[in-house]
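Engineer: Below are the sequence and a predicted model; questions follow.
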Amino acid sequence: MATRPYIQVIVPLRLEWEPYYILEGASVGDRVQVVLAHREYVGVVSAVNVVPETAPERIQEAKPTDLPPVHPLEIAFWRALAGYYLCSVGEVYKAAYPAFKPGRKPKENVQEEAPENPVLSQAQEQAADEIRKGFQQGKTVLLQGEGKTEVYLQLARETLDRGRSVLYLVPEISLSKHLQAKIASHFPNALFYHSGRTIAQRRNVADVIREGKAELVLGTRSALFLPHRDLGLIILDEEHDISYKQESPAPRYQARESAIMLAGIHKAQVLLGSSTPSLESLYNAEIGKFIKVELKNDPPYDGADILLVNTAAEVRKKGMVGSFSLKLLEQMHVCLDMGEKVLLVCRSKAAVPECTEELEGILGSIPKSIVMATPASAKAQPVGAFGLVAVLQADSLLSKEDFRCDERAIQVLRQLRERCRPNACFVIQTWEATHPVFKEFTRDHTLQLMAERRQFGYPPFSRLVNIQIKDNNQKRGPYMARELESALREEIPGLARNDSFIRILLPRDKSLLARKQALYSTVMAFEKARKYSGHIIIDVDPV
């Protein structure tokens, strides 16, 4: 009897196996219509001419579609992410190919006349040369300092001239929009991809990339899942930013590590940039995994004068008007009288209208030269644009019980201070004026923070995995968490559990991969044995 044309298919579900179907003439990467558990899905053929482990009478027919196929490089990336972030390939596929409605045919990219070429300073030229040397050694390069954009654009131009594509990632849509005009002036055919674009626009970008032409794509973390064909360079700006971490749903990936995985698959170069790099990247530079390049300002940035306001003391002296100290209001009047702009940074989006209302009560009306922002949205403001920057409730930077708290507070304060012009005023209002983060954030805390992490075995000296149980049944959830913890302790030592999650620190050594797989297998077996699917969340490298 002739062998039937059995195939395996990746479906957009949390499955630990790839179901078998029958389809004549299928190729790996073809997108096919299948039925699983009485529901229809569009899947991706992952293997052809296979010998099924399922009884032949239970295997159904698949149907071809006219959807564009998935490239093997994409599938390889999905498998790498699934393995690292302990999820299924189907969950990665679902993130990469969400259920968009059919889009219209993409518009042709029309080359405009004499795009601009980046103009680099001497310091930028020197940094670009050092980056090229790092690339020649096959290393990821970490670029630290201000003035990085022109260096990015120069290296992007060189990559495109070699006929290879460039992926330029930014952490947030606001930063992406801020860059679009500048990118377009240098690269008229540049593509833009983020959740602020329409479904049709995003589909059109994917279609253009699928054609295989060398393009520059500017996007947020989801642009990693575009159907890249020949990436030569991945630029990841503000590499320290927590927005690069996908919180939910799976895959809960970190764009920095994922970009390095994607670059390995394409044999591409990776350039990470930040004026305040993460300790993880600094550690990788220290051990020789990355090469660090410093871009020093020319002339050097002298920084803004720092005014630390102890709000507790000011309250006692009746020196506060709502959220504003009299000292801050005095500095604001001086700045406004000089025709300078003021940036006021509130603790959250919810606090912005409250502070705005308070300030209207004080000033009568708020001039256009005053900008209200959150720490996140303030990053979209230009560097060196303000005569005064004030953090109104700086204590909120320390409010989280997290070992990364001090590191991130220092990063935020440094980046906010960079929004000041030289010799301007940077005001920090805090109830904890003696906290070292506020008193000494301008000095380099890397060695101190690294020593603390090493002492307690925290990343980057280990890998952190959080396991959380979400259950509407208030009694069952904690019980299952205790049972899961007990099951995990048999395989994985060094667990800690609180009311919300199980925390696991894994040694960063040759046993890491095996320990992660043991952890994942234990969780999957626990779900199956307890019939408890859908409640357990595994988060690798949580923020």
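Structural biologist: Yep, it's here.

Engineer: The stretch 401-543 of the chain: helices as residue ranges?
Structural biologist: Counting by DSSP state H, counting those that start in this stretch, the stretch 401-543 of the chain has helices at residues 405-417, 436-440, 446-456, 476-489, 512-530.

Engineer: Could you give the bridge partners of the nearest residue in space to Gly494 that is not next to it in sequence?
Structural biologist: Computed as C-beta to C-beta, 6 or more residues apart in numbering, the closest residue to Gly494 that is not its neighbour in sequence is Leu505, at 5.5 Å. No exception for glycine: its C-beta is placed from N, CA and C like everyone else's. With DSSP bridges as the criterion, Leu505 is bridged to Leu464.

Engineer: check contacts around Leu505.
Structural biologist: Contact analysis of Leu505 by C-beta atoms under 8 Å, 6 or more residues apart in numbering lists 457-458, 462-464, 494.

Engineer: let's go with 6 Å and repeat that
Structural biologist: By C-beta atoms under 6 Å, 6 or more residues apart in numbering, Leu505 lies in contact with 457, 462, 464, 494.

Engineer: need the residues you listed in CSV with distance to Tyr168, pLDDT and neighbour count, can you?
Structural biologist: CSV is the format used below for the contacts of Leu505 (distance: C-beta to C-beta, whole Å; pLDDT from 0 to 100; neighbours: other C-beta atoms under 10 Å):
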residue, distance to Tyr168, pLDDT, neighbour count
Gly457, 35, 92, 14
Ser462, 31, 94, 19
Leu464, 29, 94, 17
Gly494, 39, 74, 13
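
Engineer: And this structure, split by domain according to the record?
Structural biologist: 6-96, 122-295, 305-449, 462-540 (automatic domain parsing).

Engineer: what about the residue nearest to Phe501 when sequence neighbours are not counted, distance to Glu247?
Structural biologist: Leaving out its chain neighbours, the residue that sits closest to Phe501 by C-beta to C-beta, 6+ apart is Gln468, at 4.2 Å. In this view, Gln468 and Glu247 are 11 Å apart by C-beta to C-beta, to the nearest Å.

Engineer: Those two - which one has more neighbours?
Structural biologist: Gln468 (16 against 11; other C-beta atoms under 10 Å).

Engineer: I figured that one hits Ile537, correct?
Structural biologist: Yes. Gln468 lies in contact with Ile537 (C-beta atoms under 6 Å); the separation is 4.5 Å.

Engineer: Check the helices of the stretch 401-543 of the chain for me and report the most buried one.
Structural biologist: Ranked by mean neighbour count, those are led by helix 405-417 with a mean of 20 (mean count of other C-beta atoms under 10 Å).

Engineer: by contact count, what packs against that one?
Structural biologist: helix 436-440 (3 or more C-beta pairs under 6 Å, 6 or more residues apart in numbering; DSSP states H and E).

Engineer: How about residues contacting the helix it packs on?
Structural biologist: Applying C-beta under 6 Å, 6+ apart, the contact partners of helix 436-440 are 308, 406, 409-410, 428, 430.

Engineer: Dump those to TSV, plus pLDDT.
Structural biologist: Shown next, in TSV, are those (pLDDT from 0 to 100):
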residue	pLDDT
Leu308	96
Asp406	93
Ala409	95
Ile410	95
Ile428	97
Thr430	96
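
Engineer: and of those, the nearest to Leu449?
Structural biologist: The shortest gap between Leu449 and any of the contacts of helix 436-440 belongs to Asp406, at 6.6 Å (C-beta to C-beta).

Engineer: who's in contact with the closest one?
Structural biologist: Contacts of Asp406 (C-beta under 6 Å, 6+ apart): Val437.

Engineer: repeat for Leu279
Structural biologist: Counting by C-beta under 6 Å, 6+ apart, Leu279 touches 407, 449, 460.
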